[in-house]
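[1] All I have is the shape, not the residue letters:
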């Protein structure tokens with residue numbers, strides 16, 4: 001699995017969190033965007049077909065609400081077989097008005 005897919009899985013999990021928490025309820029027509037320029041990513045391995053497990057965890061650090069935007073900031077780790085292979089700091093997504 002390419003490393004970019006691991007980072008994408010983290011961003012998509014953050015989107016699920018935003019949807020479950022209804023964070024864009026005040027927006028008329030919201031869509032997601034990424035703030036990749038803030039992200040710090042350390043990569044120490046890869047997922048290969050022989051790996052039995054993959055898991056990720058995200059710690060939401062901040063949710064900033066503004067009239068036309070919601071920004072979600074978090075730190076994340078991606079694990080394979082109980083070994084952390086990604087450390088992602090300041091991963092951020094936004095819900096913005098279309």
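    Ah, there it is. Bear in mind the structure is a predicted one, so any value in this text is a computation, not a measurement. Residues are numbered from 1 along each chain as shown.
[2] Low-confidence stretches in this protein?
    The chain contains residues with pLDDT under 70 at 1-3, 36.
[3] where exactly do the helices run in it?
    Along the chain, counting by DSSP state H, helices occupy 3-20.
[4] Spatially central residue for it, please.
    Nearest to the mean C-alpha position of the chain, by C-alpha atoms, centre = their mean, lies residue 11 at 2.6 Å.
[5] which ones are touching that one?
    Contacts here follow C-beta atoms under 8 Å, 6 or more residues apart in numbering; on that basis residue 11 touches 34, 91, 93. All C-beta spots, glycine's among them, are computed from the backbone N, C-alpha and C.
[6] Tell me the one of the residues you listed nearest residue 20?
    residue 93 (13.7 Å; C-beta to C-beta).
[7] Isn't the closest one up against residue 14?
    Yes: counting by C-beta atoms under 8 Å, residue 93 does reach residue 14; the two are 5.0 Å apart.
[8] shared neighbours of these two, which are they?
    Taking C-beta under 8 Å, 6+ apart as the criterion, residue 93 and residue 14 both touch residue 72.
[9] picking up where we left off before, I'd like the contacts of residue 11 laid out as JSON lines, including distance to residue 28 and neighbour count.
    JSON lines is the format used below for the contacts of residue 11 (distance: C-beta to C-beta, whole Å; neighbours: other C-beta atoms under 10 Å):
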{"residue": "34", "distance to residue 28": "21", "neighbour count": "16"}
{"residue": "91", "distance to residue 28": "26", "neighbour count": "25"}
{"residue": "93", "distance to residue 28": "19", "neighbour count": "22"}
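[10] Just give me the longest strand of this structure.
    strand 83-97 (DSSP state E).
[11] now for it, which elements pack on it?
    When contacts are defined as 3 or more C-beta pairs under 8 Å, 6 or more residues apart in numbering; DSSP states H and E, strand 83-97 packs onto helix 3-20, strand 30-34, strand 40-43, strand 69-80.
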